[in-house]
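>>> Here's a sequence, model it:
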Amino acid sequence: MSAVAQGTEVEAFVEAFAQGWRAPNDLERMMAHFTPMLTEDVRLVQPQIPTLVGREQFRTGFAEPLFALMPDLHGEVEQWAARGDVVFVQLVMRGTMAGREAGFTSCDRITLRDGLIAERVAFMDPAPLVKAVLTRPGAWPTFARTQLANLRLGRRA
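Down below sits the predicted model:
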């Protein structure tokens, strides 16, 4: 494949990725958008969440807990770069948690396989989210439920 063709495919991937986060979102719309972009055995790594494998764990271990805490989560791609099948995407994510604005920045290293996300490793400082949870007592029950679910499943954070 030529570099131009590959570049066009990566640009289309990044635009689709950005579109999935752009508008104020909800769980079902996000799942409908991103699930077809994932390989069946997708691997997801990020701080504060155990390593997840597969589309079902993407939903139950990542998307459901995140949207339970921030039901209107949305994001904007600030910049991106690619080399071969690896794409780096810097995102600024925003939403409300327990009725107050919250946000964080993440840089995702995405490995593509046949144009689909085979692995996503998020590099981020979890402190803004932890601070948001700690300063919003209304978020505590939801946060506690997600942490207990991870413990019950034998996941290691």
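>>> A strand includes Pro50, no?
Yes - under DSSP: H, G, I helix; E, B strand; the rest coil, Pro50 sits within a strand.
>>> pretty sure it contacts Gly61?
Yes - the criterion here is C-beta atoms under 8 Å, and Pro50 meets it with Gly61 at 6.7 Å. From N, CA and C alone the C-beta is placed, and that goes for glycine too.
>>> and the longest helix anywhere in the chain, what other elements does it pack with?
Taking DSSP state H as the criterion, the chain has its longest helix at helix 3-22. Counting contacts by 3 or more C-beta pairs under 8 Å, 6 or more residues apart in numbering; DSSP states H and E, helix 3-22 packs against helix 27-34, strand 74-83, strand 86-97, strand 100-113.
>>> switch the cut-off to 10 Å
In terms of contacts (3 or more C-beta pairs under 10 Å, 6 or more residues apart in numbering; DSSP states H and E), helix 3-22 is packed against helix 27-34, strand 74-83, strand 86-97, strand 100-113, strand 116-124.
>>> Contacts for it next, please.
1-2, 29-34, 36-37, 73-89, 91-94, 108, 110, 112, 115-117, 120 (C-beta atoms under 10 Å, 6 or more residues apart in numbering).
>>> go on, stretch 128-138?
Contacts for stretch 128-138 (C-beta under 10 Å, 6+ apart): 47-48, 66, 69-70, 93, 95-105, 126, 139-140, 142-144.
>>> So between Pro50 and Gly61, which is more surrounded?
Gly61 (22 against 18; other C-beta atoms under 10 Å).
>>> hang on, that one is in a strand, isn't it?
No - read with three-state DSSP, Gly61 is helix and lies in no strand.
>>> how about Asp125, phi and psi?
phi -90, psi 110 (degrees, to the nearest 10).
>>> who touches it in this structure?
By C-beta under 10 Å, 6+ apart, Asp125 lies in contact with Pro47, Phe104, Thr105, Ser106.
>>> any chance of the helices and strands packed on helix 3-22 in CSV, with mean neighbour count too?
Formatted as CSV, these follow (neighbours: other C-beta atoms under 10 Å):
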stretch, mean neighbour count
helix 27-34, 15
strand 74-83, 15
strand 86-97, 18
strand 100-113, 17
strand 116-124, 18
